[in-house]
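Q: Any chance you can model this:
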Amino acid sequence: MRRTYLGEFEEMVLLMVAILNSEAYGVTVSQALEEHTGRLVTFGTVHNTLIRLEEKGFVTSELGGATTERGGRRKRLFRITALGSRALKEIQQLRQELWQLIPPHALRLSGL
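A: Numbering: from 1, shown residues only. As a prediction, the model looks like this:
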């Protein structure tokens with residue numbers, strides 16, 4: 001089976017799309033990343049990553065309704081696809097398998 005490879009940031013953005021479900025758009029993904037990881041990211045970085053994930057088939061997008069808070073502009077809402085969900089599951093499984101290979105003494109702090 002061919003493995004799916006995502007960069008760390010792509011993986012985090014894809015996870016946030018899955019977590020946010022129907023409320024995932026550039027701003028909410030940026031805010032959720034900052035809240036849950038402490039990592040400051042710009043809207044542009046997140047937006048470009050979302051577009052790249054869409055091109056790869058991991059997410060789909062559609063325009064939501066216009067809102068007054070956005071000056072009448074519509075939000076581009078993102079949803080994870082079956083391919084994106086499968087990719088996250090494969091990544092999770094691979095990470096778990098690798099964690100299991102670490103010898104018990106390998107992660108002990110020396111001198112403690």
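Q: could you point out which element follows the lowest-mean-pLDDT helix or strand in the chain?
A: Lowest mean confidence among the helices and strands of the chain (mean pLDDT, DSSP states H and E): strand 59-66, at a mean of 86. Moving toward the C-terminus from strand 59-66, the next helix or strand (DSSP states H and E) is strand 74-80.
Q: how far out from the middle of the chain is that next one?
A: Centroid displacement of strand 74-80 relative to its chain, using Cα atoms, centre = their mean, to the nearest Å, is 13 Å.
Q: Same check on stretch 29-43?
A: The answer for stretch 29-43 is 11 Å, by Cα atoms, centre = their mean.
Q: Please apply the same query to stretch 100-110.
A: Taking the mean of its C-alpha atoms, stretch 100-110 sits 28 Å from the chain's own mean (Cα atoms, centre = their mean).
Q: name the element the nearest residue to L40 once chain neighbours are set aside belongs to?
A: Once flanking residues are discounted, L40 sits nearest to E34: 5.9 Å by Cβ to Cβ, 6 or more residues apart in numbering. Using the backbone N, CA and C atoms, a C-beta is placed for each residue, glycine as well. Here E34 sits within helix 26-37, counting by DSSP H and E.
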